[in-house]
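J.: Test case, fold it:
(chains A and B)
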Amino acid sequence: MNRIIKIILLDILKNKIVLAYTLILAALSWSSFALEDNSAKGLLTILNVILFTVPLVSILFSTIYLYNSSEFIELLLSQPIKRRKIWTSLFLGLSLSMVLAFGIGAGIPLLVNAPDSVGLMMIAIGCLISVIFVALAFLSSILTRDKAKGIGIAIMTWLFFALLFDGIVLFLLFQLADYPIENAMVGITALSPIDLARIQILMHLDVSAMMGYTGAIFKDFFGTSIGLIVSFLLLCLWVIVPFFISLKKFNQKDL
Amino acid sequence: MKNLVYIFFFLSLICNAKTITVGKTYPVKTIKHALTLAIDGDTIIVTKGVYKEGNIIINKKIAFLGKNYPILDGQNKFEVLSVAADSVLVKGFKIINSGYAALDDPCGIKVYDRNFVRIENNILDNNFFGIYLQNCKNSIVKNNTIRAYGKQEQLIGNGIHCWKSEHLQIIGNRISGHRDGIYFEFVTQSVIWRNISNNNIRYGLHFMFSNDDSYITNVFKGNGAGVAVMFTKNVKMFNNYFEENWGDSAYGLLLKEIADSYIFNNRFARNTSGIYMEGTSRIKVEKNVFEANGWGMKIQASCMENEIVNNNYVGNTFDISTNGSLVLNTFNSNYWDKYEGYDLNKDGIGDVPYHPLSLFAVLTENNPSAMILFRSFMITLLDKSEKVLPSITPDNFIDNKPLMKSLPL
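T.: Next up, the predicted model:
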């Protein structure tokens, strides 16, 4: 398995896109810390990168990579290697490269400029988000053999979680404003990994505002160590569930 | 010659005054005994020890001094020290364990309808009310340390409670653990200076119907609900610190029905809301710093003709929020760290007016649960378009001369 991961990692590194992604992340992070007079605003810029750019690049790159390496996968399948092993190695290879890119691009400036709980939280969340969207890419690329369709699904998935989901939540919030929905809202956020990630960072970034009434309800859940563990577990579920569905499909797929 | 006669007369008065020392090793063993011996103008010095004498009533014009902080213990039953004479000086005591009663409010030190009383350098520990000035004039409460350990609002009194008084000076006290740190009701022409009021259950400072007062260079930190100034006019608030007042109804400074006041050079840091204004008018808020608050300022639509000029808004989650679309206040020449405009002629003033009210601030005001969407990309997008074309937020809610650089405050 290690050798397949190594091959994939080297292959991805040869592909200049991930390198470019790393550089762009680094440029964005360093400049946002250098340009703003307080580190809080730099953190905000990186927050937007984590919630927006990282998922997009992770899901798109992984989907396209999977489609492009279909011949390589077929070649591997002709060897006496288990399907589970191939698929898992592919996943690990891609995840590792995305996490590396994020870690080097955004992680280092974060560690240098904001070496506190917020910075560390952001690095952890950013890595998790990268892996989650790689897993979602695996799911979307296994759903259809058609490359255009697969990439379409990937983009739709990203669009849904990055934009539409919040729109729906906002709509629901105002439709159901007369009901006590604060607790339900906490549950609903579990349905989007980006929201989970955002709220976890928010708890550290906007402490004062979060001490208000509704903020306090969210803080009572997300701000406690149990809430922290639960939301990290949920984020991990967002990795495991899509990947295992895709793995099951891959095992049964007629290639 | 006439003056000399006067001087001799006063000197003879002073020389007549005697000093009574109270203590285990002295002829006078109890404070109450000393008080019966004393006449106007005398000095009673109480030496170190524990005195459990119930309610001590000072009804003569004396100086009542403690040496090495003698302890006056109320045994959780009595009001410890009652002052019922003018011109009394109480200095250097440790006063502990006053009684608790809802009807007659037993205190550490209570002054009844008197003038020219000074209460200085005392330590008050675990009293129901700390120092209570009732209908007093020209009195001074200075450098006292007042501690209590209240858990519930109903079961503890205020640190320094002033009622229907005038010309008071509350200076250099430290108050913690009471209901309200300093409480003013119907107190006029008084000054509160250099006090530290922290971790009280309700307000650090509570003002009601108290006109023409100033509070200057105080620290109000970590109080249950911050500081409240209500139903008052002509209050001056200079150089104070309002910090870490956290909670839904906790405000750095709560202003309710205030008029003609001046808020200058204060620092509001890490509060849920820096200033909350309701029904205030003709207030000038100038050269203050709002830093890392949840809401820098909440101005309800019932406020009018307030001027907010030359303040720094730095790192607040929301700079401003309001509950209506009516804008009768002016914002000018403030520094907003969220300002994104430009300055072509380099005069330090942004060329584009700034809308300090964000769409999301209005949304959360109407629907607090929306807070969960904060910093979502979707919301940022909506906010941006709202800034360009205001539709939900009032379009005249603007700072016409936003500063490009923060003021050195």
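
J.: C-alpha only now, for contacts and for neighbours.
T.: Noted.

J.: For the residue in the stretch 101-250 of chain B that chain A sits nearest to, give me the backbone phi and psi.
T.: Residue of the stretch 101-250 of chain B nearest chain A, by Cα to the nearest Cα: residue B:248 (3.9 Å). Taking degrees, to the nearest 10, you get phi -60, psi -50 for the backbone angles of residue B:248.

J.: I'd assumed residue B:276 was in contact with it.
T.: No. Taking contacts as Cα atoms under 8 Å, residue B:248 lies outside contact range of residue B:276: 11.8 Å.

J.: The two: which is more packed in?
T.: The residue with more neighbours, out of residue B:248 and residue B:276, is residue B:276; 24 against 17, by other Cα atoms under 10 Å in any protein chain shown.

J.: Next SSE downstream of whichever strand or helix holds the more buried one?
T.: In this structure, residue B:276 sits in strand B:273-278 according to DSSP states H and E. Downstream of strand B:273-278, the next assigned helix or strand under DSSP H and E is strand B:284-286.

J.: Parallel or antiparallel, list what pairs with that next one.
T.: strand B:262-264 (parallel), strand B:307-309 (parallel) (DSSP bridges).

J.: Could you export these as TSV, including mean neighbour count?
T.: Conversion of the strands paired with strand B:284-286 to TSV gives the following (neighbours: other Cα atoms under 10 Å in any protein chain shown):
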stretch	mean neighbour count
strand B:262-264	20
strand B:307-309	19
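
J.: Mean pLDDT and distance to residue B:365 added to the ones you listed, as TSV?
T.: Below are those laid out as TSV (pLDDT from 0 to 100; distance: least, Cα to Cα, whole Å):
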stretch	mean pLDDT	distance to residue B:365
strand B:262-264	95	25
strand B:307-309	94	21
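
J.: Could you dump those into JSON lines with distance to residue A:106 added?
T.: Listed next are the strands paired with strand B:284-286 as JSON lines, based on distance: least, Cα to Cα, whole Å:
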{"stretch": "strand B:262-264", "distance to residue A:106": "42"}
{"stretch": "strand B:307-309", "distance to residue A:106": "39"}
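
J.: Quick one, which of the ones you listed gets closest to residue A:32.
T.: Closest approach to residue A:32 among the strands paired with strand B:284-286 (Cα to Cα): strand B:307-309, 29.4 Å.

J.: near chain A, which residues of chain B show up?
T.: Residues of chain B lying near chain A by Cα under 8 Å from any Cα of the partner chain: B:246-249, B:270-273, B:292-295, B:315, B:317, B:367-378.

J.: If we use 7 Å, what do you get?
T.: Within reach of chain A by Cα under 7 Å from any Cα of the partner chain, chain B has these residues: B:246-248, B:270-272, B:293-295, B:317, B:367-371, B:373, B:377-378.

J.: Could you tell me which of those belong to strands?
T.: Of the residues of chain B next to chain A, the ones assigned to strands by DSSP state E are residue B:295.

J.: Please type out the PyMOL selection for whichever of the residues of chain B next to chain A turn out to be buried.
T.: Listed next is the PyMOL selection for buried residues among the residues of chain B next to chain A, using 16 or more other Cα atoms under 10 Å in any protein chain shown:
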select buried, chain B and resi 246+247+248+270+271+272+293+294+295+317+367+368+369+370+371+373+377+378
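
J.: So which of the residues of chain B next to chain A sit within helices?
T.: B:377-378 (DSSP state H).

J.: I'd say residue B:187 and residue B:207 touch.
T.: No. Judged on Cα atoms under 7 Å, residue B:187 makes no contact with residue B:207 at a distance of 8.7 Å.

J.: Between these two, which has more neighbouring residues?
T.: residue B:187 (26 against 23).

J.: Show the contacting residues for the more buried one.
T.: Listed by Cα atoms under 7 Å, 6 or more residues apart in numbering or on different chains, the contact partners of residue B:187 are B:162-166, B:210-211.

J.: Try it again at 10 Å.
T.: Residue B:187 makes contacts with B:134-137, B:162-168, B:207-213, as judged by Cα atoms under 10 Å, 6 or more residues apart in numbering or on different chains.

J.: same thing with residue A:109?
T.: Contacts for residue A:109 (Cα under 10 Å, 6+ apart) come out as A:25-33, A:46, A:103, A:115, A:119.

J.: what mean pLDDT does the one helix or strand it maps to have?
T.: For residue A:109, the element it lies in under DSSP H and E is helix A:108-113. The average pLDDT for helix A:108-113 rounds to 90.

J.: distance of residue B:282 from residue B:394?
T.: Distance of residue B:282 to residue B:394, given as Cα to Cα, to the nearest Å: 21 Å.

J.: what number of residues lie near the residue of the stretch 51-200 of chain A found nearest chain B?
T.: Proximity of the stretch 51-200 of chain A to chain B (Cα to the nearest Cα) peaks at residue A:163, 5.5 Å away. Here the count is done by other Cα under 10 Å, and residue A:163 has 17 residues near it.

J.: Let's see the pLDDT reported for the spatially closest residue to it that is not a sequence neighbour.
T.: Once flanking residues are discounted, residue A:163 sits nearest to residue B:378: 5.5 Å by Cα to Cα, 6 or more residues apart in numbering or on different chains. At residue B:378, the model reports a pLDDT of 84.

J.: Same question for residue A:252.
T.: 88.

J.: you'd agree it is up against residue A:245?
T.: No. Using Cα atoms under 10 Å, residue A:252 makes no contact with residue A:245, being 11.0 Å away.

J.: Provide the partner residues of residue B:238 in its beta bridges.
T.: The partner list for residue B:238 in beta bridges (DSSP bridges) reads residue B:216, residue B:264.

J.: What's the per-residue pLDDT of it here?
T.: For residue B:238, the model assigns a pLDDT of 95.

J.: likewise residue B:213?
T.: 94.

J.: neighbours of it, just the number please.
T.: Per other Cα under 10 Å, the neighbour tally for residue B:213 reads 24.
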